[in-house]
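>>> Here's my sequence, what's the structure:
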Amino acid sequence: MVDNPNRLNLICLRKISSLLKSDQLLWKKYIEERVVKIYCEENNQSILNLNDQQKRKHRRGESFRIDDDDDDNESNMETIHCLHHNQNFFIEYFLHGYCPLNSILSEQLANYLVAHDQLNDFTLTLFSSNVTCLKRLVINIKYLSRLQCHILNQHPNLIELELIFKDSNLNRTNNMTNEIFYQHICPSIYSEFDEIFTIYSPFILNYINLKLQNESRRSSVSSKTNLLQNLPNSSDEFLHHKLLSEIFSNLHPTTIERLKILSLSHYKFFAASQSTAARKYSLADMSPLTKCTTTSSSTMTTPAINSIPMNLRLLLKFTNLTSLNLSGTDIKNPCFDIIINSLENLDTFDLSSCRSIKFFHSLLKLSLKLKWLNLYNCCFNMQLNPTIYHILYQLKYLEYLDISNDSTINDNDNNNNNNNPVIDNENDINKFLCQINCLPRLKHFDVSGQKTISSIALHKFLLNHLNLQFLGLFLTNEKYSSCIFDLNDRCYSKYRHYTYDYHHISTVTLTENDLIVYEPYLIEALKRYRDRIGFIQKILYNIFFLTRSFHSKQQNLLIELTLHIMSIHPNIQSVQMASTACIYNLTRSPITDQIHVKYLAQIVQAIMNVMETFPNHQQLQKNCLLTLCSDRILHEPHFKFYLLATLVMHNLQNNTDLATIQPGVAILSLLTTRLTIDECTRLGSVKNLKCLFQLIEQQIDRLQTMLITQNQQLVLPHNDQTINDIDIVLHNPHQLTSDDTLRFCLSLLWNLTDENAIVCEHFIQSLGLELFQRLLHLFSSDTIVLTKIVGLLSNIAEVSHLKVYLYPVDIILLMKKYIDEAILDIAFSATGILAQLLYDQTDDEINFELCDQMRDAIIKWQNPHSNMVTYRSFKPFLPLLYCTRIPVVQLWAIWAIHHVCSTDRIRYVRIVREEKIYDIIQAIYNEQILFDHPDLFMIQLLKSILHIFKSYHLNRHQNSSAVAS
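The predicted model follows:
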């Protein structure tokens with residue numbers, strides 16, 4: 001039962017998302033088929049009653065409509081819509097307005113689609129005014145074209161609009177290679193086909209062509225590769241500048257008048273101007289606007305230009321804006337001045353990472369309005385007379401000010417601009433802090449990365465700002481720690497939040513108390529600076545050293561924040577390196593036992609994303625494998641098991657570092673127990689098996705080398721002695737002891753061949769039996785290795801047509817030896833191999849002496865308290881259970897079933913039910929008790945099995961009877 005409204009809301013959103021994905025797959029498949037059909041017809045000049053002027057000009061991206069024949073046009077549109085009428089799309093039902101959403105639910109739906117990369121032309125159709133009401137809207141333009149922007153015209157009540165431009169324009173035009181982009185885009189079901197064809201056909205046709213080429217390579221058929229010829233050029237209808245222009249042009253007039261909050265972070269106003277083809281969309285004559293600038297701004301030493309971006313001109317229509325976010329944009333000074341002159345009501349201004357702005361005089365015009373100002377990573381080197389701090393001092397109404405900076409970026413800029421004037425930053429910022437009337441209303445102040453701040457200036461500033469709610473001091477060299485830790489300090493406030501680091505303390509002398517003290521400030525920094533790559537790396541570095549030796553008190557929160565960092569910076573190698581190192585520290589055993597399973601699933605997914613993104617980075621791959629090498633992480637959460645297995649196997653094939661190989665084979669040996677037989681078949685290819693065999697050979701060589709070295713160290717150096725040591729190792733098979741890497745490799749092979757005839761064949765084809773013969777000689781006294789080898793041989797013995805390959809390795813003599821001399825684990829599997837071999841023998845071939853030896857051994861076995869083996873099913877035992885002509889074969893199968901069911905009953909309940917084992921055991925028991933000389937030992941085992949599953953069998957029988965009645 002769901003008793004949490006937020007939880008119920010999330011469930012509904014997930015269901016809507018799932019239904020939309022299903023709709024998109026059907027609609028997109030139809031569009032692909034239709035586009036390819038029309039393209040091929042046009043390409044072969046087979047369209048009837050069309051002259052050259054009517055043909056669609058693909059290369060110029062022109063669309064057409066047949067105006068002369070309305071009936072044909074209507075027929076065409078009916079054909080387009082027939083699919084979704086027949087399919088009863090969910091989106092169509094939703095748009096009928098049976099269940100309209102209020103503004104809160106509408107915004108939550110939009111935010112969910114954005115967060116899960118599902119906002120495209122298809123899903124944007126959801127936000128029709130008859131079913132949704134939008135006041136605040138976030139749009140990630142990542143997978144949008146200009147086609148559906150008109151939907152915004154239906155929402156006159158919009159007061160807040162955030163547009164996200166973080167993806168690259170290159171991703172939106174490179175239709176030849178960017179398959180991920182193609183998988184996410186989808187046209188609306190209500191767009192006209194001409195427009196769909198013009199905008200989407202370049203991506204569809206190139207994708208289909210690439211798909212056909214890949215299929216032809218696999219099937220060695222060359223005719224398919226020539227199916228699509230003269231493919232159209234890239235569509236520019238997804239480009240940022242066109243999208244923004246279309247969005248602004250389609251806003252309702254009331255929205256333009258009332259819009260209060262606008263975010264255009266990371267938009268590149270000037271990027272489009274570099275392209276001649278796009279120039280008309282991006283540039284406009286600046287001369288009328290320059291007349292609007294004030295005298296003071298016109299006298300500044302700024303570069304003279306004749307044009308500004310067209311989209312900037314459209315931005316100036318929003319005269320009632322109070323909040324504007326231009327963070328990460330390429331806005332330049334003349335345009336920056338124009339914005340301030342035109343948008344006089346701004347009280348919130350985000351200019352973080354606007355590196356192209358060199359002069360900030362214009363901010364003074366907002367001195368009576370501005371309350372919130374973010375200048376993170378802005379360049380102040382050119383701002384002289386007055387300095388930036390003199391300008392900031394005059395912004396008396398500021399409540400939020402961020403002048404933090406990433407020293408790495410600033411240093412790079414200084415190196416690239418050696419001719420720039422350098423201001424006396426140390427004196428200016430400290431004078432600014434010491435001034436009595438400095439920003440009296442300030443509540444939030446971030447100076448992280450400002451390495452020239454003095455503790456004296458900071459102390460004076462805090463004395464004048466006792467109501468300050470946040471102070472960012474991360475990566476400031478000179479600390480004033482008393483204000484944070486000393487309760488008696490005049491500047492101390494328990495209500496104030498800080499970001500802080502411990503770089504003034506040596507990492508060698510860190511104690512657990514340091515973790516307790518500094519962890520909250522690092523967590524605060526992780527929350528506030530998640531988008532700032534330079535800071536994030538250093539924060540994670542701090543967290544790594546604190547958690548390397550000590551247990552975090554806020555483990556789940558740290559994991560959640562770190563995973564979020566990994567998700568928003570997926571392609572930044574340095575961030576992923578630091579993040580995976582922290583995740584490893586936070587998930588080490590026994591700490592991992594305290595982590596909620598939902599976080600474990602997220603951790604595995606994040607790790608898989610890193611492994612896919614950076615397949616050739618060895619240290620990063622090593623971090624990932626070490627993190628995943630945990631029983632709980634691999635056994636409890638649900639994730640894409642086969643995908644992870646293929647990623648790890650790929651890593652093994654491209655890595656020679658033992659520290660990476662060992663966790664890799666360990667992960668695979670655990671993962672294969674969760675794979676289906678079909679997935680094990682794909683993973684157990686000849687190529688992969690040969691890779692594992694090579695690893696085993698390398699381990700044998702390494703172990704032999706280690707043994708020689710150890711023997712040499714026990715005696716004085718002597719040539720004859722050294723030769724003898726080498727001879728001992730090479731000819732005495734009792735000297736080697738396996739290590740974890742070899743054991744995991746053997747476990748992996750054992751799991752892959754379990755009930756898998758194809759992988760068993762691959763094993764024999766790849767000369768696996770010859771390698772195992774060598775292992776049997778080299779590790780004849782290593783019971784762990786022998787257990788795994790004999791276990792794998794028993795898998796081969798279960799495959800009828802492969803049993804013949806076991807005889808050349810003297811399998812019967814070897815297994816007879818193990819029955820009496822080996823530990824129970826080995827003796828059990830060895831007896832099973834002999835039982836499988838006996839099953840196929842005729843009455844004349846049966847060795848009754850061997851049968852007696854096997855029976856005597858089985859009767860002496862003591863059932864262990866834990867499983868020796870784990871079975872996928874009991875199918876390999878079914879023939880043996882009916883083998884009454886050789887009683888010992890039947891006895892071994894019954895003992896094996898009794899063993900696993902008595903030690904792990906819950907695991908085998910489903911198998912017993914599905915394979916009707918209970919009925920089979922009951923039938924065998926009924927037969928035995930009728931014999932004149934029944935096998936009392938077998939009867940005892942049969943009764944025990946029946947007793948174990950009696951309650952489950954009765955419940956199942958009662959339930960089925962109830963249903964039948």
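
>>> for this protein, which spans come out with low pLDDT?
Flagging of the chain using pLDDT under 70 yields the residue ranges 1-3, 45-87, 168-178, 216-235, 271-307, 407-427, 504-508, 714-735, 953-965.

>>> Where is the longest helix in it?
If you go by DSSP state H, the chain has its longest helix at helix 5-43.

>>> Check which helices and strands that one sits against.
Here helix 5-43 touches helix 70-87, helix 90-95, helix 103-115, helix 121-124, helix 193-219, going by 3 or more CB pairs under 8 Å, 6 or more residues apart in numbering; DSSP states H and E. (C-beta placed from N, C-alpha, C; glycine too.)

>>> And that helix, what's buried?
Residues of helix 5-43 classed as buried by neighbour count (16 or more other CB atoms under 10 Å): 9, 13, 16-17, 20, 23-24, 27-28, 30-32, 34-36, 39, 43.

>>> Excluding chain neighbours, what is closest to residue 828?
In space, and not counting its chain neighbours, residue 828 is closest to residue 868: 5.9 Å by CB to CB, 6 or more residues apart in numbering.

>>> before we move on, what about residue 840?
Counting by CB to CB, 6+ apart, residue 840 lies nearest to residue 803, which is 6.4 Å off, once chain neighbours are set aside.

>>> for that neighbour, helix, strand, or coil?
helix (DSSP: H, G, I helix; E, B strand; the rest coil).

>>> ranges for the strands of the chain?
For the chain, applying DSSP state E gives strands covering 136-140, 160-164, 261-263, 283-285, 307-309, 323-325, 348-350, 372-374, 400-402, 444-446, 470-472, 497-499.

>>> among those strands, which is nearest residue 562?
strand 497-499 (16.3 Å; CB to CB).

>>> in its sheet, what does the closest one sit against?
Note on strand 497-499: by DSSP bridges, its sheet partners are strand 470-472 (parallel).

>>> For the partner strand, which outside residues touch it?
Residues outside strand 470-472 that contact it (CB atoms under 8 Å, 6 or more residues apart in numbering): 402, 404, 443-448, 462, 483, 496-499, 525, 528.

>>> try 6 Å this time
For strand 470-472, contacts defined as CB atoms under 6 Å, 6 or more residues apart in numbering pick out 404, 444-446, 448, 497-499.

>>> same thing with stretch 888-902?
If you take CB under 6 Å, 6+ apart as the criterion, stretch 888-902 is touched by 831, 835, 838-839, 851, 854-855, 858, 863, 867, 877, 880-881, 883, 908, 938, 941, 944-945, 948.

>>> Any quick PyMOL command for the buried ones out of those?
The PyMOL command for the buried members of the contacts of stretch 888-902 (criterion: 16+ other CB under 10 Å) is given here:
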select buried, resi 831+835+838+839+851+854+855+858+877+880+881+883+908+938+941+945+948
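
>>> returning to that earlier point: looking at the contacts of strand 470-472, point me to the pair that's furthest apart.
Longest span within the contacts of strand 470-472, CB to CB: 404 and 497, 14.5 Å.

>>> So for the two, which residue has more residues nearby?
Ranked by neighbour count (other CB atoms under 10 Å), residue 404 and residue 497 place residue 404 first, with 27 against 16.

>>> can you tell me which residues contact the more buried one?
By CB under 6 Å, 6+ apart, the contact set of residue 404 is 376, 446, 448-449, 472.

>>> now do 10 Å
352, 374-378, 445-450, 472-476, 499, 528-529, 532, 535 (CB atoms under 10 Å, 6 or more residues apart in numbering).

>>> Tell me which of the strands of the chain approaches residue 771 most closely.
Residue 771 lies closest to strand 136-140 among the strands of the chain, at 53.1 Å (CB to CB).

>>> For the closest one, name the packing helices and strands.
If you count contacts as 3 or more CB pairs under 10 Å, 6 or more residues apart in numbering; DSSP states H and E, strand 136-140 packs onto helix 103-115, strand 160-164, strand 261-263.

>>> repeat that with 6 Å
Here strand 136-140 touches helix 103-115, strand 160-164, going by 3 or more CB pairs under 6 Å, 6 or more residues apart in numbering; DSSP states H and E.

>>> could I get these as JSON lines with distance to residue 239?
Listed next are those as JSON lines, based on distance: least, CB to CB, whole Å:
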{"stretch": "helix 103-115", "distance to residue 239": "20"}
{"stretch": "strand 160-164", "distance to residue 239": "14"}
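
>>> As JSON lines, the ones you listed with mean neighbour count and distance to residue 617 would be great.
As requested, the helices and strands packed on strand 136-140 are exported to JSON lines (neighbours: other CB atoms under 10 Å; distance: least, CB to CB, whole Å):
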{"stretch": "helix 103-115", "mean neighbour count": "18", "distance to residue 617": "28"}
{"stretch": "strand 160-164", "mean neighbour count": "19", "distance to residue 617": "28"}
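
>>> what's the closest of those to residue 128?
Nearest of the helices and strands packed on strand 136-140 to residue 128, taken as CB to CB: helix 103-115 at 10.5 Å.

>>> would you put the C-alpha positions of that closest one in PDB?
Below are the C-alpha coordinates for helix 103-115, written out as PDB (Å, rounded to 0.1, in the frame of the first residue of the first chain):
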ATOM      1  CA  SER A 103       0.000  23.800 -12.800                       C
ATOM      2  CA  ILE A 104       1.900  21.800 -10.100                       C
ATOM      3  CA  LEU A 105       1.300  18.400 -11.700                       C
ATOM      4  CA  SER A 106       2.100  19.900 -15.200                       C
ATOM      5  CA  GLU A 107       5.400  21.200 -13.900                       C
ATOM      6  CA  GLN A 108       6.200  17.900 -12.200                       C
ATOM      7  CA  LEU A 109       5.600  16.000 -15.400                       C
ATOM      8  CA  ALA A 110       7.800  18.400 -17.400                       C
ATOM      9  CA  ASN A 111      10.600  18.200 -14.800                       C
ATOM     10  CA  TYR A 112      10.400  14.400 -14.800                       C
ATOM     11  CA  LEU A 113      10.700  14.200 -18.600                       C
ATOM     12  CA  VAL A 114      13.600  16.600 -18.600                       C
ATOM     13  CA  ALA A 115      15.400  14.700 -15.800                       C
END
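
>>> Without its sequence neighbours, what residue ends up closest to residue 608?
Leaving out its chain neighbours, the residue that sits closest to residue 608 by CB to CB, 6+ apart is residue 644, at 5.5 Å.

>>> Give me the neighbour count for the one you found.
Every residue meeting other CB under 10 Å relative to residue 644 is counted, giving 23.
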